[in-house]
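Colleague: Task: produce atomic coordinates for the following.
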Amino acid sequence: MRKTTKDWIATAIVLTFVQCIASILLPRGVALSAVSDSVAALLFLTLIAAFARNAVPASGRLRVFWIMQAVGWTIALFSQLLWTVYDVFLQRDVPVLFAGDVLPFLPGILMLAGFLLRPHVEQSRRGVRLGSIHFVLLMLWWVFFYVFLVSCWQYVSPNESLYNRNYDRLYLFEILAVTFVLLHLIRSSSGSWRRFYLLYLGAVAFHYLWFVTLNRAIEQSTYFVGSWFDTPYIASWALYLIVAMSGRNLSLQGEPAQQESWGSWSVVAVLAVLSLPVMMVFAVLERGVPIEIMHFRVIVTASAVFVMAGLVFLEEHLLYRELKRANLVLEESSTTDPLTGIRNRRFFSATIQRDIAQSIRAHLERGVRSESDIIFYVIDLDNFKKVNDSYGHDGGDRVLIEAARRISLAIRNSDLLVRWGGEEFLVVSRCTDRLQAPILATRVLEAFRDRPFTIDGSEHVHQTCSVGWATFPWLKDDVEAVSYERVLKFADRALYRAKKAGKNQAIGMIPSGDGAITVADTESLSSAISSMFSETDEFLEIGK
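Modeller: As a prediction, this is how the structure comes out:
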C-alpha cells in the first residue's frame with residue numbers, strides 16, 4: 001500500500017477514534033455536539049478531497065463518476081453544517097418537518113446516477129449525449145417522488161407521522177436501487193473494478209444499517225448528538241474513504257458499444273416515464289387522503305409528465321438524427337471502395353440512371369447541341385500482374401491507390417471515378433462534349449507517364465495504363481436507340497483494342513455514321529496514329 005493511501009486511511013481512523021473518545025469522555029452538551037459535528041464535517045471534507053483527487057487523472061465517464069461522488073459528499077457537508085448550526089449555535093433540536101431533510105437524500109441520488117454510468121466501460125459519443133438526457137430525467141424522477149411522497153406532508157398538509165414514514169420508505173427505496181445497480185455492476189465487471197464495487201456495496205450496507213439504528217434511537221428519544229450511536233455512524237462514512245482509495249488506479253475497460261444500455265440509462269429512463277401514470281392513478285384512488293393532498297399530487301404528476309415527455313421527445317429527436325447519420329455512414333461505406341476510397345460499382349448502379357435521364361432530356365430539348373453527352377472511359381493498368389508478382393499484393397495495393405489518386409487529379413470535379421474491378425477503373429464524364437473526349441483520355445495517359453510509382457521508400461515501378469472510351473447517346477438523332485449498358489460494352493471493346501494494339505494508349509469508339517473524326521493538333525493531345533473501322537464502328541487511337 002502506498003504511503004499516500006495509508007495517510008488517507010489513517011485520517012479516517014483517527015477521526016473515528018476522536019469521535020469514540022469524545023463519546024466516552026465528554027458529557028452530553030454543547031462541547032460534545034461541537035466535537036461530534038466537527039469530526040463529521042472534517043470527514044466529509046476528506047471524502048470530498050479524496051473523490052475529487054481521483055477525478056484529476058481520469059477522463060470521460062470515469063471522471064464524471066468521481067466528480068458526482070465528490071458533489072454528493074459536498075451536499076452531505078452542507079447538510080452537516082446546517083445540523084451544526086442547530087446543535088452548537090442555536091442549541092436546539094432540528095425541527096421534525098425540516099426543509100434541510102432533502103439534503104441527506106440527494107447524495108444517494110448522485111451515487112445511483114454515477115453507478116448507472118457504468119464507469120468501468122468506455123462510452124461512445126452517442127452514449128454521452130443520450131446519457132445526459134437520461135441523467136436529467138432520472139434526477140427529475142427522484143425529485144418527483146420526493147415531492148409526491150414527502151414534501152406534500154411537509155408543506156401542503158403537515159403530518160409528522162406520514163412525513164417520517166414516507167421519508168424513511170423513500171430512503172430505503174433509494175438504498176435498494178443503489179444495491180441492485182451495484183449487484184449488476186459486480187456481475188458485469190471483473191478484476192479491480194469488481195473488488196471496488198464489492199467494497200462500495202459493503203460501505204452502503206454498513207452505512208444504512210447504522211442509519212436505521214440511529215433513526216430508531218431518535219424515535220425512542222435515546223439519541224443525542226455525540227452519543228455512542230455516532231461512533232459506528234462516523235465509521236460508516238470513514239469506510240467510504242477506503243472505497244475512494246481503492247479506486248485511485250482504476251481505468252476504463254473496453255466493451256462493445258452495443259452493450260451500453262445500462263451506460264445510457266435507457267432501462268431506468270423508460271421505467272421512470274412509465275411510473276408516472278401509475279402514480280397519477282394512485283393519487284386519485286388513495287383513500288383517507290385530504291383533498292388538498294390529492295390535488296397537489298395530481299398537479300405535480302401532470303407537471304412531471306409534461307417535462308419528462310419533453311425530454312423523451314428530445315431523446316427521440318437525437319435518436320432520429322443518430323439513425324439518419326448512421327444510415328448515411330452505412331450508405332457511404334457500401335458505395336465506397338475500401339482500398340482506394342473512390343466509388344464502387346454499387347454507387348455507379350445507384351446513380352447512372354439519373355445521369356442518363358438528364359443527358360437524354362438535354363438532347364431532346366430544342367437548341368441543345370453540346371455539353372450534354374456522357375463519356376465512359378474504361379481504364380486498365382498495363383501488366384499489373386507483374387507488379388503483384390514482383391512486390392506482392394501490398395505493393396500492388398499501393399500502386400492501385402496511387403493510380404486512383406492520379407486519375408482523380410486528371411479528371412474534372414464533376415466526373416465520377418469508379419473502381420470497376422481488380423486493376424480496372426471507370427470514369428463517367430458527365431455534361432461534356434464528345435468532340436472533347438480525347439482530351440481527358442490524354443490527361444489520364446500522361447498522369448501515368450509523368451513519374452514512376454513508389455512501392456516503398458526505395459522501390460519504384462513505371463506503370464502505364466490503357467484507355468477505351470465511348471459516348472452516350474450513341475446516336476444523336478435517336479438518343480434512346482442504344483442503351484448505356486451497350487455503350488459501356490463498346491468502351492470495353494475499345495479498351496481491348498488498345499491492349500491489343502500495344503497498350504499505353506487510348507482508343508475511342510464512335511458510330512461510323514457520325515462522320516469523320518477530327519483531332520486537334522494541340523499540346524494536350526498526342527498525334528493520331530491510326531483509325532480502325534468495322535461495319536458499324538469507328539475507332540480513334542491516341543498514340544503512346
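
Colleague: in the helix or strand harbouring residue 175, what's buried?
Modeller: Here residue 175, judged by DSSP states H and E, is contained in helix 160-188. Applying a neighbour-count criterion of 16 or more other Cβ atoms under 10 Å, one finds 162-164, 166-167, 170-171, 174-175, 177-178, 181-182, 185-186, 188 buried in helix 160-188. Where C-beta positions appear, they are placed from N, C-alpha and C, glycine not excepted.

Colleague: do stretch 27-42 as well
Modeller: Buried residues in stretch 27-42, counting neighbours by 16+ other Cβ under 10 Å, are found at 32, 33, 34, 35, 36, 37, 38, 39, 40, 41, 42.

Colleague: swap in stretch 322-341?
Modeller: For stretch 322-341, the neighbour count (16+ other Cβ under 10 Å) marks 335, 336, 337, 340 as buried.

Colleague: The buried residues of stretch 27-42 into CSV, with extra columns for secondary structure?
Modeller: Listed next are these as CSV, based on DSSP: H, G, I helix; E, B strand; the rest coil:
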residue, secondary structure
32, helix
33, helix
34, helix
35, helix
36, helix
37, helix
38, helix
39, helix
40, helix
41, helix
42, helix
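
Colleague: any chance of these in JSON lines, with distance to residue 96 too?
Modeller: Output for the buried residues of stretch 27-42, formatted as JSON lines (distance: Cβ to Cβ, whole Å):
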{"residue": "32", "distance to residue 96": "22"}
{"residue": "33", "distance to residue 96": "19"}
{"residue": "34", "distance to residue 96": "23"}
{"residue": "35", "distance to residue 96": "25"}
{"residue": "36", "distance to residue 96": "21"}
{"residue": "37", "distance to residue 96": "20"}
{"residue": "38", "distance to residue 96": "25"}
{"residue": "39", "distance to residue 96": "25"}
{"residue": "40", "distance to residue 96": "21"}
{"residue": "41", "distance to residue 96": "23"}
{"residue": "42", "distance to residue 96": "28"}
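
Colleague: which of those residues sit farthest apart?
Modeller: Greatest spatial distance in the buried residues of stretch 27-42: 32 and 42, 15.9 Å, computed using Cβ to Cβ.

Colleague: Which is the succeeding secondary structure element to the helix holding residue 175?
Modeller: According to DSSP H and E, the helix or strand after helix 160-188 is helix 191-219.

Colleague: what helices or strands is the next helix or strand after that next one leaning on?
Modeller: Tracing the chain past helix 191-219, the next element assigned as helix or strand by DSSP H and E is helix 230-246. Applying 3 or more Cβ pairs under 8 Å, 6 or more residues apart in numbering; DSSP states H and E, we find helix 230-246 packed against helix 3-25, helix 30-55, helix 191-219.

Colleague: how does it look with 10 Å?
Modeller: Using 3 or more Cβ pairs under 10 Å, 6 or more residues apart in numbering; DSSP states H and E as the contact test, the elements touching helix 230-246 are helix 3-25, helix 30-55, helix 60-84, helix 191-219.

Colleague: Redo these as a markdown table? Include mean pLDDT.
Modeller: A markdown table is the format used below for the helices and strands packed on helix 230-246 (pLDDT from 0 to 100):
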| stretch | mean pLDDT |
| --- | --- |
| helix 3-25 | 88 |
| helix 30-55 | 94 |
| helix 60-84 | 91 |
| helix 191-219 | 91 |
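
Colleague: out of the buried residues of helix 160-188, who's nearest residue 267?
Modeller: Among the buried residues of helix 160-188, and counting by Cβ to Cβ, the member closest to residue 267 is residue 181, at 10.5 Å.

Colleague: Grab the nearest non-local neighbour of the closest one.
Modeller: Spatial nearest neighbour of residue 181, chain neighbours left out: residue 115 (4.6 Å); criterion: Cβ to Cβ, 6 or more residues apart in numbering.

Colleague: bridging residues for residue 425?
Modeller: Residue 425 forms beta bridges with residue 379, residue 419, as assigned by DSSP bridges.

Colleague: show me what contacts it?
Modeller: For residue 425, the contact set (Cβ atoms under 10 Å, 6 or more residues apart in numbering) comprises 337, 340, 342, 377-381, 400, 403-404, 407-408, 417-419, 444, 465, 467.

Colleague: ok, it to residue 379 distance?
Modeller: As judged by Cβ to Cβ, to the nearest Å, residue 425 and residue 379 stand 4 Å apart.

Colleague: Now do the helix or strand hosting the residue nearest to residue 181 against helix 191-219, angle only.
Modeller: Assigned by DSSP H and E, residue 115 belongs to helix 102-116. Calculated by axes from the mean of the first three to the mean of the last three Cα atoms, to 10 degrees, helix 102-116 forms an angle of 160 degrees with helix 191-219.

Colleague: Only alpha carbons, please: show helix 102-116 as PDB.
Modeller: Output of helix 102-116 as PDB, limited to C-alpha atoms (Å, rounded to 0.1, in the frame of the first residue of the first chain):
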ATOM      1  CA  VAL A 102     -33.800  16.800   1.500                       C
ATOM      2  CA  LEU A 103     -30.000  17.300   1.600                       C
ATOM      3  CA  PRO A 104     -29.200  13.800   3.000                       C
ATOM      4  CA  PHE A 105     -31.400  12.300   0.300                       C
ATOM      5  CA  LEU A 106     -29.500  13.900  -2.600                       C
ATOM      6  CA  PRO A 107     -26.100  12.200  -2.200                       C
ATOM      7  CA  GLY A 108     -27.700   8.800  -2.700                       C
ATOM      8  CA  ILE A 109     -29.300  10.100  -6.000                       C
ATOM      9  CA  LEU A 110     -25.900  11.200  -7.300                       C
ATOM     10  CA  MET A 111     -24.400   7.900  -6.100                       C
ATOM     11  CA  LEU A 112     -27.000   6.000  -8.000                       C
ATOM     12  CA  ALA A 113     -26.700   8.100 -11.100                       C
ATOM     13  CA  GLY A 114     -22.900   7.700 -11.000                       C
ATOM     14  CA  PHE A 115     -23.200   3.900 -11.000                       C
ATOM     15  CA  LEU A 116     -25.700   4.000 -13.800                       C
END
